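Asks: quick one: sequence and predicted model below, then my questions.
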Amino acid sequence: MIKPHSKTISAIRSRLLAWYDQNARDLPWRTPPYLSEIDRQSQATNLPGAYHTLVSEAMLQQTQVATVIPYFHRFLDTFPTLKSLAQADEQQVLTLWQGLGYYRRARNLHACANVIMSEHQGQIPHTVDELLKLPGIGQYTAGAIASIAFNQPAPILDGNVIRILSRIFFITDPTDHTPIKKQLWSLAEQLVPETSGRPGDYNQSMMELGALICSPRNPNCNTCPLQKLCKAYADGSPESLPITLPKSKPRPVHHHILAIQHPSKPNTYFFEQRPSTGLWSNMYQLPTLELNHNKDFESDQLITYIQKHLKIKTKNITQLKTFKHQTTHLTITFHLHAITPTSIPTKLKPNTAWRSLTKLTDLPLSNPQQQATKCLSVQ
DNA sequence: AAGTCGGGGGA
DNA sequence: TCCCCAGACTT
């Protein structure tokens, strides 16, 4: 285990905080570093402050700051308090999350608000151990909320911190590997200051440095406050760290979207909710047949599917458009088909709906589904 | 330990 | 193109 000298630790802390006080971005969820100590303490017991931290940290998981900002504003305009979020429908929460990705985060955040209301009297827990019990809150997010919202001396380890620590301490083993990850957590814990040393600002200063200076490629070492302490800089190749394990390539699949037009209502199509697990969980869609291999589309197959699963009889199918969509592990080719039903069932199954394309704003759709509906409306 | 879960930014 | 992003959770 790496045990930095106490002088190194205090140098890192003081240099980072001094740099942060001068260079911190003014982000909408951030407690300004220029707040007085009295303001800071009142912020620590003020629920809106912690609620803002909770929402922002959920949105920021695997998502860049610039992407999150407009979503954060819209979310707080709609749900200004933890209580208002807890009382909302999941569908409304998912609609606000539309386009941001990793939709399970939205469902976890909503569930989180309800647990805090019913089991914590509406007060967001102050400690890492209690935060860890909440849905969607792992080691990083628990440390972030405890330190940023409540000024607890809790460590964090995200992509930024991993990059900075691997460069400063010249960790040349793959940082995905469990023992190395433990090593990094140990370093983060040794480095985070006590409550009197502004642990929340310190943690944010690490991430800020990673975002603004110590970037993955072409790090700006010339303006880095930690340059003197950085072993990778001394070695001359900071951009070669950290080392990560190779990732598997996305697998090609084909999804067939069925645009089923209502026989009498103009511009109106059939929508259904996706299952609560897997890709785009609980989001809505035009019925979509997911094929795992590149098999030629046969219209008979689609007609059978429509009849069996949707109880809709049809004969005409026309191919409208094909487009590709990338996720982390899939390359999906979407085939959009227009269906003209000859008869539709009188009773609607739960979580399905006929919707006019002009009244879709309350149905949460994934990006490719939104793209498909856009194709239909310009027809 | 390896997969799953989105979508976009930047070189 | 490829890699990465204020990760969490399941298998």
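Replies: Here it is on my side, so go on.
Asks: now A:Thr268, what are its backbone angles?
Replies: Note on A:Thr268: backbone dihedrals following degrees, to the nearest 10 are phi -120, psi 130.
Asks: okay, now the domains of chain A?
Replies: Chain A breaks down by automatic domain parsing into domains covering A:6-240, A:251-377.
Asks: contact residues of chain A facing DNA strand B?
Replies: Contact residues, chain A versus DNA strand B (Cβ under 7 Å from any atom of the strand): A:62-64, A:66-67, A:99-104, A:176-179, A:217-218, A:245, A:248, A:278-281, A:325-330, A:366-368. Where C-beta positions appear, they are placed from N, C-alpha and C, glycine not excepted.
Asks: burial of A:Val253, as a residue count?
Replies: Neighbours of A:Val253 under the rule other Cβ atoms under 10 Å: 16.
Asks: need the contact list for it.
Replies: A:Glu290, A:Leu291, A:Asn292, A:His293, A:Leu330, A:Thr331, A:Ile332, A:Thr333 (Cβ atoms under 8 Å, 6 or more residues apart in numbering).
Asks: could you export these as CSV, including neighbour count, pLDDT and distance to DNA strand C?
Replies: Shown next, in CSV, are these (neighbours: other Cβ atoms under 10 Å; pLDDT from 0 to 100; distance: Cβ to the nearest atom of the strand, whole Å):
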residue, neighbour count, pLDDT, distance to DNA strand C
A:Glu290, 12, 93, 18
A:Leu291, 15, 86, 22
A:Asn292, 11, 75, 17
A:His293, 8, 70, 21
A:Leu330, 16, 96, 13
A:Thr331, 14, 96, 10
A:Ile332, 19, 97, 15
A:Thr333, 16, 96, 13
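Asks: just the residues you listed: which are in strands?
Replies: Using DSSP state E, A:Glu290, A:Leu291, A:Leu330, A:Thr331, A:Ile332, A:Thr333 are the members of these that sit in strands.
Asks: quick one: which of those residues is nearest A:Pro125?
Replies: Within the ones in strands among the contacts of A:Val253, the smallest distance to A:Pro125 is 36.4 Å, found for A:Leu330 (Cβ to Cβ).
Asks: isn't the closest one right up against A:Lys249?
Replies: No: counting by Cβ atoms under 8 Å, A:Leu330 sits too far from A:Lys249 to count as a contact (10.3 Å).
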